[in-house]
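Enquirer: let me see the structure of the following:
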Amino acid sequence: MEYLSLVPATALGYWTLKATTHPNARIRKKLPNIKIKRLQLFPIIRVYMFGRPIHFHHWINFSILLALSGFTTIGVLDHSITRGLLLGGIIQGLTLPRGHIRVFACRCTHCLN
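Expert: Residues are numbered from 1 along each chain as shown. You can find the predicted model right below:
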């Protein structure tokens, strides 16, 4: 029965991140930028080092959290709905064009803005 809640949660995670993570998305343009010196925390995680931005993509962060959720038995990561949301975010991130899936420091247009 636990897996029945995984499918709608995965779809919800996919569509939520599709609407909020694209650089030209209406919702993302309305989100505030939270920066502390060389660290940007919201709406994306970015660190400026050696004159270059290092962007931590949401699908990498969600992959780490999903892997950790397999080992935890307490907290919000233990719920199947949370795992579905993380899985939907990973799927959405991996469906982006190849230029957006770079892991290391990138100079793509949404990282430089």
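
Enquirer: pLDDT wise, what is R107 at?
Expert: Looking at R107, its pLDDT reads 54.

Enquirer: and the gap between the spatially most central residue of the chain and T95?
Expert: Geometric centre of the chain, nearest residue: H58, 2.0 Å, by Cα atoms, centre = their mean. The gap separating H58 from T95 is 12 Å, by Cβ to Cβ, to the nearest Å. In this view, the C-beta of every residue, glycine as well, is placed from N, C-alpha and C.

Enquirer: likewise for S63?
Expert: Taken as Cβ to Cβ, the span from S63 to T95 is 14 Å.

Enquirer: settle it for me: which of these two has more neighbours?
Expert: Neighbours per residue (other Cβ atoms under 10 Å) separate S63 from T95, with S63 holding more: 17 against 12.

Enquirer: would you confirm that that one contacts I90?
Expert: Yes. Judged on Cβ atoms under 8 Å, S63 makes contact with I90 at a distance of 5.6 Å.

Enquirer: what about I34, neighbour count?
Expert: 10.

Enquirer: just give the nearest non-adjacent residue to it, would you?
Expert: Among residues not flanking I34 along the chain, F42 sits closest, at 4.0 Å (Cβ to Cβ, 6 or more residues apart in numbering).

Enquirer: what's the pLDDT at that neighbour?
Expert: pLDDT at F42 comes out at 84.

Enquirer: now do the phi/psi pair for it.
Expert: Dihedral pair for F42: phi -150, psi 140, per degrees, to the nearest 10.

Enquirer: list the contacts for it?
Expert: For F42, the contact set (Cβ atoms under 8 Å, 6 or more residues apart in numbering) comprises 31-34.
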